[in-house]
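1. what follows is a predicted structure for the sequence shown.
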Amino acid sequence: MATNSSDQIRMLFEEQRNGTLSESAAQQLKQLLDSDPLARETWDALQRQTVRESGTGRPPRRLAGQWFAWAATALLLMVAVGSYFIYHTHQHHDSTFPAMTRKFVPVKNAVQLLVPGRASLALTGDSSFQIWQVGQVQLRNDSTGLHYGGPAKGYGLNTLLVPPGADYRITLSDGTQIWLNCASKLRFPFSFPDHKREVYLEGEAWFKVAANPEQPFEVHTPNTSITVLGTAFNVNAYDDERVRVSLVEGVLTVKGASDEVTLKPGIECVYGDYNGFRAAPFDTATIRGWMKGEGYAIRNQKLRDLKPILDRWFAVQVIFDKPEIAHVAVTGPLEKNKLPAFLHEAETSGHVRYYFTGNELHFTQP
């Protein structure tokens, strides 16, 4: 049976005052208090009850002491973070040689779910289990992504934001599975109307659409619309002016501003860099490589052309210390989660050097 927010708050409250509240549970508590008015009301009532118990001579609980410890810890963290930024800002502006390193430290940003007028939730995408009640909709986040259920009409379009350096999966109310690549955005409703299923994509995603001949499924990108009944395909729409649709199973139709094309399995189309559509066969075995952490075999490709991929995959900002470095061609494997290996090959093949300052990846000349 699903646990409502009041029950969750009571359990978390007991853990908190008994000193057994874990870090992940503390994060869940904060999210509940921020997003659910009922949870906040329950929490305040429990606090008032604890204060009354303390005032009647009952054995004191650990709440006040623990809140003092939390407050002290928070204050120390604020001082430390403030000192860090003041110091590094001073270093950036006043020092001729800012802090540099050759070590890549991956940034872990949370996936965000925005429910209009109701909540903003941070989704971990790992093995931890999270559950929320947003109105009448219950959301569950675990290692398989986001799932939800319950009465969901009248909520409008939600927004799922996947940051650079991450990917994420979601299962829609009709059973359609979507795997979003890094730096992508999906807008979707909690429930579809009877006549049509529609979502809106910016970035890249793999779709496994649940079959329903009576209710077509449409994916809208900035300049195309893709209509399917039940199929599996990949959409790359990072560039607003150029969309690539690769069909693995089923049949789909891609519409542009003035024309359209119907694809069969093993055929992909590119729209935007030609006058209309360009269709051609593709390797279906490799189209899902990004979902497995696989990458590309780079051969004599200019760094400026690789910059968007590096920015998205590794959550860095690529900077060329001299404009001409952008035109340097490099060769080597470029795989997700293996940035240092690529940088080593880039230095060898392109005769460049690299270093990091924060999340900035600089390319310079030896």
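-> Received it, and whenever you're ready, just let me know what you need.

2. okay, now D259: neighbour count?
-> Using other CB atoms under 10 Å, D259 is surrounded by 11 other residues. In short, each C-beta sits where N, CA and C put it, glycine included.

3. and what of A99?
-> 13.

4. and what of M11?
-> As a burial measure, M11 scores 13 neighbours (other CB under 10 Å).

5. same check, this time on R353
-> 16.

6. my guess is it contacts F363, does it?
-> Yes. Using CB atoms under 8 Å, R353 is in contact with F363, at 7.4 Å.

7. L146: what's it in contact with?
-> 113, 123, 139-140, 160, 168-171 (CB atoms under 8 Å, 6 or more residues apart in numbering).

8. swap the cut-off to 6 Å and go again
-> Applying CB atoms under 6 Å, 6 or more residues apart in numbering to L146 gives the contacts I170.

9. so what pLDDT did it get?
-> Per-residue confidence (pLDDT) for L146: 91.

10. what's the answer for E260, then?
-> The model reports E260 with a pLDDT of 89.

11. for the nearest residue to it once chain neighbours are set aside, grab the count of nearby residues.
-> Ranked by CB to CB, 6 or more residues apart in numbering and with sequence neighbours excluded, the top spatial neighbour of E260 is T253, at 5.8 Å. Neighbour count for T253, taken as other CB under 10 Å: 15.

12. now the strands for the stretch 1-150 of the chain?
-> Secondary structure of the stretch 1-150 of the chain, counting by DSSP state E, counting those that start in this stretch: strands at 111-115, 119-123, 130-134, 137-142, 145-149.

13. dump those strands to JSON lines, plus distance to L38.
-> JSON lines is the format used below for the strands of the stretch 1-150 of the chain (distance: least, CB to CB, whole Å):
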{"stretch": "strand 111-115", "distance to L38": "15"}
{"stretch": "strand 119-123", "distance to L38": "13"}
{"stretch": "strand 130-134", "distance to L38": "8"}
{"stretch": "strand 137-142", "distance to L38": "13"}
{"stretch": "strand 145-149", "distance to L38": "18"}
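
14. returning to that earlier point: quick one: contacts for the residue nearest to E260?
-> Counted by CB under 6 Å, 6+ apart, T253 has contacts 227, 260, 262.

15. longest strand of this protein?
-> For the chain, the strand with the greatest residue count under DSSP state E is strand 197-208.

16. hmm, back to that, which of the contacts of T253 are buried?
-> Among the contacts of T253, those that count as buried by neighbour count (16 or more other CB atoms under 10 Å) are 227, 260.

17. okay, the contacts of T253 in a markdown table with secondary structure next?
-> As requested, the contacts of T253 are exported to a markdown table (DSSP: H, G, I helix; E, B strand; the rest coil):
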| residue | secondary structure |
| --- | --- |
| T227 | strand |
| E260 | strand |
| T262 | strand |
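
18. on that earlier part again, out of the strands of the stretch 1-150 of the chain, which gets nearest to K208?
-> strand 145-149 (12.2 Å; CB to CB).

19. can I get the closest one as PDB, trimmed to CA atoms?
-> This file holds the C-alpha atoms of strand 145-149, laid out as PDB (Å, rounded to 0.1, in the frame of the first residue of the first chain):
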ATOM      1  CA  GLY A 145      14.200   6.000 -13.600                       C
ATOM      2  CA  LEU A 146      10.900   7.800 -12.900                       C
ATOM      3  CA  HIS A 147       7.500   6.100 -12.700                       C
ATOM      4  CA  TYR A 148       4.200   7.600 -11.600                       C
ATOM      5  CA  GLY A 149       0.500   6.700 -11.100                       C
END
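
20. what about the helix or strand just after it, distance to the chain center?
-> With elements assigned by DSSP states H and E, the helix or strand that comes after strand 145-149 is strand 157-162. Distance of strand 157-162 from the chain centroid (CA atoms, centre = their mean, to the nearest Å) equals 9 Å.

21. packing partners of strand 157-162?
-> Identification of packing neighbours for strand 157-162 by 3 or more CB pairs under 6 Å, 6 or more residues apart in numbering; DSSP states H and E yields strand 111-115, strand 184-189.

22. helices of this protein, start to end?
-> Here the chain has its helices, by DSSP state H, at 5-18, 23-35, 37-55, 63-94, 303-314, 339-350.

23. burial count for K208?
-> The burial count for K208: 16, using other CB under 10 Å.

24. could you double-check that it lies in contact with W179?
-> No. The criterion here is CB atoms under 6 Å, and K208 misses it with W179 at 8.2 Å.

25. many thanks, I have nothing further to ask.
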